[in-house]
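Student: What would the 3D arrangement of this be:
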Amino acid sequence: MTSRPVLSLLVQTAAILIPMAASRAAVTLTNGSFEIIGAQYNPAIGGLHEATGWTNLSGLNIQASSAVASSGVNPEFTGGSPTGLRYLRLVADVDNPVNRGTIAQLVGSMVAGEVYTLRADIFGGPSAGVDYGATISFVNQVIATPSTIYASQTLSGVTNGAFVADAFNLTYTATPADNGQPLVVFLQAPVLGPGQATRGGLDNLRLTTVPEPSVILLAGLAGAALSRRHRF
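Tutor: Coordinates of the predicted model:
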């Protein structure tokens, strides 16, 4: 039988450490539905805006940058089921084959043992001989070429008008060496060859976190301690 002083110490420790662990696990994705927009890229094109909360790493060429477009305005959107009015328009074409559409967002700091999962929908738009594709990754920096890629997933061959819900399901478990390191969500259009172009987009990004095992164990111990204390 556990003594009352030990039970009291368990409860007090849990009360301190559980909130601390929760605060360390503040990993949050902003504007994953791309409904919040900023400045317009090119009024002559219409419907193309910055995605608030995301850093555009593509340069100024609209055809190779990441933009948000209204599904009712953008003539390149011909099918699919984006949630809301807007989606992420990640494109690439011969106008700027190196500076392809790329955006990124710092979502927080990692905690060893936590599991991060990123899900997203994808759809294909009109293309010049190339079906749509995109890459989503967990990386360490908000730059065009991150030095560390923790996990990555690439989809290609999404045909014009096709819509795939939960097409992406990317997961990464933070190691002890990752503890406290930045976690960045990185989205990028495909590399294309001369004369090729592709249109399409991403929507409904959802980032979820499963707490580290030690936090779950601690919560269990605290619950057991409380239960025992109430029985005395």
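Student: show me where this protein has strands.
Tutor: Secondary structure of the chain (DSSP state E): strands at 37-40, 49-51, 55-56, 66-70, 86-90, 92-93, 102-109, 115-124, 132-139, 149-158, 163-173, 182-188, 197-198, 200-210.
Student: Can you add distance to T30 and give these back as JSON lines?
Tutor: All C-beta atoms are positioned from the backbone trio N, CA, C, and that covers glycine. As requested, those are exported to JSON lines (distance: least, Cβ to Cβ, whole Å):
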{"stretch": "strand 37-40", "distance to T30": "12"}
{"stretch": "strand 49-51", "distance to T30": "10"}
{"stretch": "strand 55-56", "distance to T30": "11"}
{"stretch": "strand 66-70", "distance to T30": "14"}
{"stretch": "strand 86-90", "distance to T30": "13"}
{"stretch": "strand 92-93", "distance to T30": "24"}
{"stretch": "strand 102-109", "distance to T30": "6"}
{"stretch": "strand 115-124", "distance to T30": "13"}
{"stretch": "strand 132-139", "distance to T30": "16"}
{"stretch": "strand 149-158", "distance to T30": "19"}
{"stretch": "strand 163-173", "distance to T30": "18"}
{"stretch": "strand 182-188", "distance to T30": "10"}
{"stretch": "strand 197-198", "distance to T30": "27"}
{"stretch": "strand 200-210", "distance to T30": "10"}
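Student: quick one: which of the ones you listed is nearest N31?
Tutor: Closest to N31 of the strands of the chain is strand 49-51 (Cβ to Cβ; 6.1 Å).
Student: wouldn't D121 be in contact with A162 here?
Tutor: No - using Cβ atoms under 8 Å, D121 is not in contact with A162; the gap is 11.0 Å.
Student: the more surrounded of those two?
Tutor: Legend: neighbour count by other Cβ atoms under 10 Å for D121 and A162, higher for D121 (21 against 17).
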